[in-house]
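> Fold the following, please.
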Amino acid sequence: MVKVQATSISSFLRRFTAFCDFNHRSRDLELQGKSDPEILGRWHEALNSLTAFYQQDWECEWVARALADPYFPISKLRKLNAEEFATEPGFVNLSQESLTGIVAEHLLKWAEIFLAIREELEWFNENGLVSAMRLPVSPQEVFPKTGWCEHCGGCCEIRGGSPEFTATFELPGSWQLYFGGEGCRSQRFCPFLFEYFATDRYFCSIYQIKPKCCWEFDREECEFLQNDVARERASRLSWEA
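Okay, here's the model as predicted:
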């Protein structure tokens, strides 16, 4: 587990949430072709405040690099690996310091995996063989349209799957581990799921060669999943009331 400064999980989540909020505002302006020095300054302050939890320089660097990337799935990570995780019954007996370390480790490990995939995509996607987008660091490309898909990323909330990629060329061996769920014990969604400029809209970064199980997921299965999520949410709200 990552060693962080002794603090409560609520403090870590507050700083993470603060960064997510400023990141959303900053990216929204970027998509509009605008900028706000004050918002950008607050963004940097929030980032520095969050990375201050980590004790190693390389940990701070990895987290900062990942969070600064416009395709890092920050909204999905915030929901699944931070906010919801911290409230799960299985962790109620942990100390605040231990729980903070686990959530901080989630962010660090996801940063490591994301940066590795991002770097490899730079080479593999040179001719558009892997992703449907060129993945520029500025919003030069319009978000991809794929018919009925609403880009919620719900279908990609998986612990792991059968890594039967459809590429006709050799891929990094680590991709097999990542998709199979062996690259990160805290994996709660597909590591190849990228977010578009903090908009809570997601796309597959390896769409052109995604595994067979992903190609087989169709609209009917999507609607079933959405209805199942809606029922679960309604049940939870009824219980809380």
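
> Do you have the strands of the protein handy? List them.
For the chain, the strands defined by DSSP state E cover 193-195, 202-204.

> Show me what the first one is packed against.
To tie it back to what came earlier, the one meant is strand 193-195. Contacts defined by 3 or more CB pairs under 8 Å, 6 or more residues apart in numbering; DSSP states H and E place strand 193-195 against helix 74-77, strand 202-204. Bear in mind the C-beta positions are built from the backbone N, C-alpha and C, glycine included.

> and the spatially most central residue of the chain, what does it touch?
The centre of the chain sits closest to Pro73, judged by CA atoms, centre = their mean, with a distance of 2.7 Å. Applying CB atoms under 8 Å, 6 or more residues apart in numbering to Pro73 gives the contacts 110, 114, 153, 189, 193-195, 202.

> how about 6 Å then?
193, 195 (CB atoms under 6 Å, 6 or more residues apart in numbering).

> Please report how far it lies from Tyr178.
13 Å (CB to CB, to the nearest Å).

> What of Cys155?
From Cys155 over to Tyr178 (counting by CB to CB), the distance is 17 Å.

> cool, and Glu150?
Taking CB to CB, one finds Glu150 at 25 Å from Tyr178.

> Tell me which of these two has more neighbours.
Between Glu150 and Tyr178, Tyr178 has the larger neighbour count (other CB atoms under 10 Å), namely 20 against 11.

> Can you check the pLDDT for the nearest residue to that one once chain neighbours are set aside?
Distance criterion CB to CB, 6 or more residues apart in numbering; nearest residue to Tyr178, sequence neighbours excluded, is Pro191 at 4.5 Å. pLDDT recorded at Pro191 is 94.

> Just give me the neighbour total for Glu157.
Glu157: 16 neighbours (other CB under 10 Å).

> What of Phe16?
Applying other CB under 10 Å, we find 23 residues neighbouring Phe16.

> do the same with the one 10 residues further on
Neighbour count of Ser26, defined by other CB under 10 Å: 20.
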